[in-house]
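J.: structure for the following, please:
(chains A and B)
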2 protein chains.
Amino acid sequence: MSVNLSVPNPAELFPIPGVRIGVTEAGIRKANRKDLTVVLIDEGASVSGVFTQNRFCAAPVQICREHLATGQGIRAMLINTGNANAGTGEDGRARAIRTCQALAAQLNIEAAQVLPFSTGVIMETLPIERIEAGLPAALADAKTDNWLRASEAIMTTDTVAKAFGVQVQIGGVTVSITGIGKGAGMIRPNMATMLGFIATDASVSQDVMKQLALELAEGSFNRVTVDGDTSTNDSFVVIASNQASHAPITSLDSAAGQALKQAMLGVAKQLAQAIVRDGEGATKFIAIQVEGGQTQAECRQVAYAIAHSPLVKTAFFASDPNLGRILAAVGYAGIADLDQTGIDLYLDDVHVALKGGRNPNYREEDGQRVMKQAEIAVRVVLGRGTASDTVWTCDLSHDYVTINADYRS
Amino acid sequence: MSVNLSVPNPAELFPIPGVRIGVTEAGIRKANRKDLTVVLIDEGASVSGVFTQNRFCAAPVQICREHLATGQGIRAMLINTGNANAGTGEDGRARAIRTCQALAAQLNIEAAQVLPFSTGVIMETLPIERIEAGLPAALADAKTDNWLRASEAIMTTDTVAKAFGVQVQIGGVTVSITGIGKGAGMIRPNMATMLGFIATDASVSQDVMKQLALELAEGSFNRVTVDGDTSTNDSFVVIASNQASHAPITSLDSAAGQALKQAMLGVAKQLAQAIVRDGEGATKFIAIQVEGGQTQAECRQVAYAIAHSPLVKTAFFASDPNLGRILAAVGYAGIADLDQTGIDLYLDDVHVALKGGRNPNYREEDGQRVMKQAEIAVRVVLGRGTASDTVWTCDLSHDYVTINADYRS
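T.: This is a model prediction of the structure:
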């Protein structure tokens, strides 16, 4: 089940010149399932990534960071599902490196020019023989219009593939942006999501690319949560193949930089929100906007406290306007000097709480009406400043428990 | 359902000389339910309390703090279920004060000598007329051996009443300690629990009483969590009626102070753990011990990250040794310089992870065996110091969702 999430529209998954994708069934955990993806990037691209802040980060995340730091141009990505290669110690690192070496040998590049990504069960040994055996078929499949298949090949507990694209004019030239993502549980990205990849043929300097990756993650994946569990494998990578003919973007503050960033941010937000819409067991999509804070950080802190409260999430599942639970979460969010008498709460257009108490004009049937919707906007006004921030989340249903009690079986 | 939790044993619920309890059915939210309790305390007692750190603290919590701060001897407590009187603004404060005035008038004491407690639904108006109407029956019921009835009268979503007692020798005199508690959901006390009350006839100076309340909360209620939601109404009060004939305790460091504190801590721990054992939907009781930290605070932070992870909690519910989820929670607990290669993980006696990777000797069937138990000890060794701490929690089951999706209906 997902909330207002359609399968990807092939018409908006634009091929990105300079980026080819191949997919195969390598039998990594289960048979007859697309589980291995290669992304081949022409020489001269700008590539940057952000990764999980989980200190128990997976071996492939460690290797990605190291390979990006070498400064050698990234030429390929290797993505497997069925196994996260996390909690696997030195042996896991060695295996991640060996898969990079295997792909590099096929492409006649350096292993450090390959970024590895793994997603699936934690603390299991990565079956590298199956990955190596699958590489020739994946490489034979490589083409520029393979985004849809790739979005399917990186799914784990996802019920719907996630891929979005857009075209934008940069310096009089039409450039394309296409992105794919995956994730449904263990979702509380801290720098990035489970797996998100966005490519463009726009021309962007490598320095700008680093800043762009951070800002895109900040405006999208760093604002969603399903269950508050920050994954060991979160990875978000942006690729500019630099094959469009406009003048290279050397600053995000330029008109061209702003235009590209906004277009890419739109795709990143769609991917991030798609992960919430497909959150494990989700029946509702909830945007939590917190306004009137002293800082954006405290607004986000309050929004996440609400978004992570099992009591708030089960009330949404039940369509029960038990809205005191939201006030309780605001209260324990960790703002030490918060004054409850300054707080207002709205559910869509319904003014629920006024100055920390029940709004005398609030009628339960109005709250009930909004709670029954599949998409709900929660708005909290802290009344202590002008900052604001927004977080997107879903409800907590029986299916979440079922899915996570059965995941490995 | 609760985990290894029996109904209170009347034989260990010792009457406390100087403390009488009366219970009645006031129809506050539902009919035919014990929902109003008065605790009458003889003059000369030492009373102290600790209360929720939730900034959205309920009106009765605010009034308790104010009344304790006046320094007038506390002579009575008034406890209602069915309504939390939280998120009710100025009107809620006025109503809490009026109930204190009503009881004070009956007892010929000051309103500031009454402590009010409310638990139930948030953001509903407290029906003070029903409370006032119920007071005569509650007062008529007052007697020293009413602890069992009181433990039943303060239940909300609790399935089992919670009351424990013990006797201890202080200065050659036998003193009694009896405590009651309630709570099953919205449980992540931050200073205290939903409602916990412990009384003794021991003789303790008022100064020592304040320190005692803090230390007891710290060693018991501040180490449990069900769902991570810190309530608006958490209150923990300790009463010493000072009627035992031993020399008054003027320091917790004295032999008598230590003896009393350890005995009372035993009761406090039983109450706190009973709340977890009766956690909404709980099928397992889990002790999470984190060792080898640099500070006790970071050990508790890691323990709570594990205890709050929906993925860890659903894995326990499923008896699935999907133990990488525990490592992931350790990783995102917020220790910025944590080195994953120093971490070991044990499940009871089973050594699961060694130096951040899977222990080569770990066999899935050993993990499976422990996961099937109703009581499980998780032990994480951080390998960076000598500090340790323990948190108690339960699993996350379908019944948790059912209970919280149906709570108000």
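J.: where does the stretch 51-200 of chain A come near chain B, residue by residue?
T.: By Cβ under 8 Å from any Cβ of the partner chain, the residues of the stretch 51-200 of chain A that approach chain B are A:53-57, A:84, A:86-92, A:121-125, A:185-186, A:188, A:190. In short, each C-beta sits where N, CA and C put it, glycine included.
J.: again, only using 10 Å
T.: Residues of the stretch 51-200 of chain A lying near chain B by Cβ under 10 Å from any Cβ of the partner chain: A:52-59, A:62, A:84, A:86-93, A:121-125, A:185-186, A:188, A:190.
J.: just the buried residues out of those, in PyMOL syntax.
T.: Command for PyMOL that selects the buried part of these, burial taken from 16 or more other Cβ atoms under 10 Å in any protein chain shown:
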select buried, chain A and resi 52+53+54+55+56+57+58+59+62+84+86+87+88+89+92+93+121+122+123+124+185+186+188+190
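J.: ok, for A:Leu345, nearest residue in space, not its chain neighbours?
T.: A:Ala353 (3.8 Å; Cβ to Cβ, 6 or more residues apart in numbering or on different chains).
J.: after the helix or strand containing the one you found, heading C-terminal, what element do we hit next?
T.: A:Ala353 belongs to strand A:350-354 when elements are defined using DSSP states H and E. Downstream of strand A:350-354, the first helix or strand assigned by DSSP H and E is strand A:357-358.
J.: downstream of that following strand, the next helix or strand is which one?
T.: That would be, after strand A:357-358 and using DSSP H and E, helix A:364-371.
J.: in the biggest helix by length in chain A, which residues are buried?
T.: Counting residues, the longest helix in chain A under DSSP state H turns out to be helix A:255-277. Using 16+ other Cβ under 10 Å as the burial criterion, the residues of helix A:255-277 that qualify are A:256-257, A:259-261, A:263-277.
J.: alpha carbons of that helix, in CSV - could you do that?
T.: C-alpha atoms of helix A:255-277 as CSV (Å, rounded to 0.1, in the frame of the first residue of the first chain):
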residue,chain,number,x,y,z
ALA,A,255,20.9,32.4,-12.6
ALA,A,256,21.8,29.2,-14.3
GLY,A,257,22.9,27.6,-10.9
GLN,A,258,19.6,28.6,-9.3
ALA,A,259,17.6,27.3,-12.2
LEU,A,260,19.4,23.9,-12.2
LYS,A,261,19.2,23.7,-8.4
GLN,A,262,15.5,24.4,-8.2
ALA,A,263,14.8,21.8,-11.0
MET,A,264,17.0,19.2,-9.3
LEU,A,265,15.5,20.0,-5.9
GLY,A,266,12.0,19.4,-7.4
VAL,A,267,13.1,15.9,-8.4
ALA,A,268,14.8,15.2,-5.1
LYS,A,269,11.7,16.3,-3.2
GLN,A,270,9.5,14.0,-5.3
LEU,A,271,11.9,11.1,-4.6
ALA,A,272,12.0,11.8,-0.9
GLN,A,273,8.3,12.2,-0.6
ALA,A,274,7.8,9.1,-2.7
ILE,A,275,9.7,7.2,0.0
VAL,A,276,7.3,8.5,2.6
ARG,A,277,4.3,7.8,0.4
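J.: where do the strands of the stretch 151-300 of chain A begin and end?
T.: Taking DSSP state E, counting those that start in this stretch, the strands of the stretch 151-300 of chain A run over residues A:162-170, A:173-182, A:195-200, A:235-240, A:285-293.
J.: how about the last one against chain B, any contact?
T.: No. With Cβ under 10 Å from any Cβ as the measure, strand A:285-293 is seen stopping short of chain B, the closest distance being 13.3 Å.
J.: adjacent strands (with direction) for that strand?
T.: Strand pairing for strand A:285-293, using DSSP bridges, gives strand A:375-381 (parallel), strand A:387-394 (antiparallel).
J.: rewinding a little: residues in contact with the strand holding A:Ala353?
T.: A:321, A:323-324, A:326-327, A:330, A:340, A:343-347, A:358-371, A:378-381, B:56, B:87-89, B:123 (Cβ atoms under 10 Å, 6 or more residues apart in numbering or on different chains).
J.: so the longest helix of chain A versus strand A:235-240, what angle?
T.: Helix A:255-277 runs at 150 degrees relative to strand A:235-240, counting by axes from the mean of the first three to the mean of the last three Cα atoms, to 10 degrees.
J.: what's the offset of helix A:255-277 from the middle of its chain?
T.: 11 Å (Cα atoms, centre = their mean, to the nearest Å).
J.: picking that back up, quick check: buried residues in the strand holding A:Ala353?
T.: Residues of strand A:350-354 classed as buried: A:Val350, A:Val352, A:Ala353, A:Leu354 (neighbour count, 16+ other Cβ under 10 Å).
J.: contacting residues for A:Val19?
T.: A:Val19 neighbours (Cβ under 10 Å, 6+ apart): A:39-42, A:45, A:77, A:142, A:144, A:146-147, A:176, A:178, A:197, A:199-201, A:239-241, A:243.
J.: apologies, that question was intended for A:Ala133.
T.: A:Thr24, A:Ala26, A:Gly27, A:Leu36, A:Ala102, A:Pro127.
J.: number of nearby residues for the nearest residue to the last one once chain neighbours are set aside?
T.: The shortest distance from A:Pro127 to any residue that is not its chain neighbour, by Cβ to Cβ, 6+ apart, is 6.0 Å, and that residue is A:Ile28. Other residues near A:Ile28 number 21, with proximity taken as other Cβ atoms under 10 Å in any protein chain shown.
J.: how close does A:Ile28 get to A:Thr119?
T.: Counting by Cβ to Cβ, to the nearest Å, the gap from A:Ile28 to A:Thr119 is 11 Å.
J.: tell me which stretches of chain A form helices.
T.: A:59-69, A:89-107, A:128-140, A:147-153, A:206-219, A:255-277, A:296-308, A:310-317, A:324-331, A:364-371, A:398-406.
J.: using a markdown table, lay out the ones you listed together with distance to B:Tyr400 and mean pLDDT.
T.: Formatted as a markdown table, the helices of chain A follow (distance: least, Cβ to Cβ, whole Å; pLDDT from 0 to 100):
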| stretch | distance to B:Tyr400 | mean pLDDT |
| --- | --- | --- |
| helix A:59-69 | 32 | 95 |
| helix A:89-107 | 34 | 96 |
| helix A:128-140 | 38 | 98 |
| helix A:147-153 | 33 | 96 |
| helix A:206-219 | 32 | 87 |
| helix A:255-277 | 21 | 90 |
| helix A:296-308 | 15 | 94 |
| helix A:310-317 | 7 | 93 |
| helix A:324-331 | 14 | 92 |
| helix A:364-371 | 19 | 95 |
| helix A:398-406 | 8 | 86 |
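J.: centroid-wise, who is the farthest residue in chain A?
T.: In chain A, the residue that sits farthest from the middle, by Cα atoms, centre = their mean, is A:Pro360; the gap is 40.4 Å.
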